[in-house]
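# Got a predicted structure here, sequence first:
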Amino acid sequence: MHHSDPQGKPDVPAVTRERLHTRTIVFEGFARSDGLWDVEGSLLDTKQVTWERINMPAYPPGAPVHHMKVLVTFDDHLTVVAISSELPTTPHDDCQKTGDPLQKLVGQRVGRGWRRAIESAMGGTAGCTHLRELMMGLATGAIQAIGGIRDQRRRKRGLPPMQPDDEAPHFIGGCLAWRRDGPATQRYFPQFAIFPVDDKEGS
């Protein structure tokens, strides 16, 4: 079977695909009644085909291979106050021990140095590759869940913003949209923006 390219290119053989694997990562943020913030993260790996393993039982299609959950409590500064984990499904018994090093992240703050803190606490054979990936992604999940709402609620209570006026937010210069000479930075944070020089002024 062939299909035509909409741009008029020669027909090419149609390719069929078989779904083999699905990884689902979910982060959810919660405001707590005590003024703290919770972020729950989960990672789920499933195979859509039978996975035959050497000297171990096979995984049937749809069976979870990795299922890992974390619950991290933050304060307004995005510092970890408490952390817990649950590993409902892991491929090896030793994997169950990899949640323990997470406790070393208590007291760490999301921001610069977060990845280094994860590597120090649970890098290499001290932890789990997939749990590390979950925790690295949880940082941006926490920022998305907490940052804007936290500042909005502080304004309504007449409290000063967490971000000092003379300090650029962490995301300025961190992506294409928030480049210093971009329209978003110029519009919302002109004090940290780079504006084009008007050549006509010098003529």
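Looks like it came in fine. Note that this is a predicted model, so its numbers are computed, not measured.

# Now do the spatially most central residue of the chain against Gln96, distance only.
For the chain, Gly137 is the residue whose C-alpha lies nearest the centre (CA atoms, centre = their mean; 2.2 Å). With distances taken as CB to CB, to the nearest Å, Gly137 is found 22 Å from Gln96. To be clear about C-beta, it is placed using only N, CA and C from the backbone, and glycine gets the same treatment.

# after the worst-scoring helix or strand of the chain on mean pLDDT, next one along is what?
Across the helices and strands of the chain, the lowest-confidence element by mean pLDDT, DSSP states H and E is strand 2-3, at a mean of 54. Proceeding N to C from strand 2-3, the next assigned helix or strand is strand 12-13, under DSSP states H and E.

# Show me what the mean pLDDT comes to for the helix or strand just after that following strand.
Remark: after strand 12-13, the chain's next helix or strand is strand 21-31, criterion DSSP H and E. In this model, strand 21-31 has an average pLDDT of 96.

# where does Asp11 land on pLDDT?
76.

# burial count for it?
A count of nearby residues for Asp11, using other CB atoms under 10 Å, gives 10.

# Domain map for the protein?
2-156, 167-194 (automatic domain parsing).

# So which bits of the last one are buried?
I take that to be domain 167-194. Ala168, Ile172, Trp178, Arg179, Gly182, Thr185, Gln186, Phe189, Phe192, Ala193 (16 or more other CB atoms under 10 Å).

# Identify the residues contacting the residue nearest to the centre of the chain.
Ile25, Phe27, Gly41 (CB atoms under 8 Å, 6 or more residues apart in numbering).

# And the average pLDDT for the helix or strand that contains Leu134 is what?
If you go by DSSP H and E, Leu134 is part of helix 129-142. Per-residue pLDDT over helix 129-142 has a mean of 94.

# distance between it and the chain's centre?
With CA atoms, centre = their mean, to the nearest Å as the basis, the distance from the averaged C-alpha position of helix 129-142 to the chain average is 5 Å.

# now do stretch 123-135
For stretch 123-135, the distance to the chain centre is 14 Å (CA atoms, centre = their mean).

# Can you add neighbour count and give the contacts of Gly137 back as JSON lines?
Shown next, in JSON lines, are the contacts of Gly137 (neighbours: other CB atoms under 10 Å):
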{"residue": "Ile25", "neighbour count": "16"}
{"residue": "Phe27", "neighbour count": "19"}
{"residue": "Gly41", "neighbour count": "21"}
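
# Kindly indicate which of the residues you listed lies nearest Gln48.
Of all the contacts of Gly137, Gln48 sits closest to Ile25, with 17.3 Å by CB to CB.

# separation between that closest one and Glu133?
Ile25 is 8 Å from Glu133, by CB to CB.

# swap in Gly174?
Taken as CB to CB, the span from Gly174 to Glu133 is 20 Å.

# Same question for Cys95.
14 Å.

# Just give me how far stretch 162-175 sits from the chain centre.
That offset, for stretch 162-175, works out to 19 Å (CA atoms, centre = their mean).

# how about the strands in the protein?
2-3, 12-13, 21-31, 37-47, 64-74, 80-89 (DSSP state E).

# circling back to that earlier point, so which of the contacts of Gly137 is the closest to Tyr59?
Ile25 (19.5 Å).
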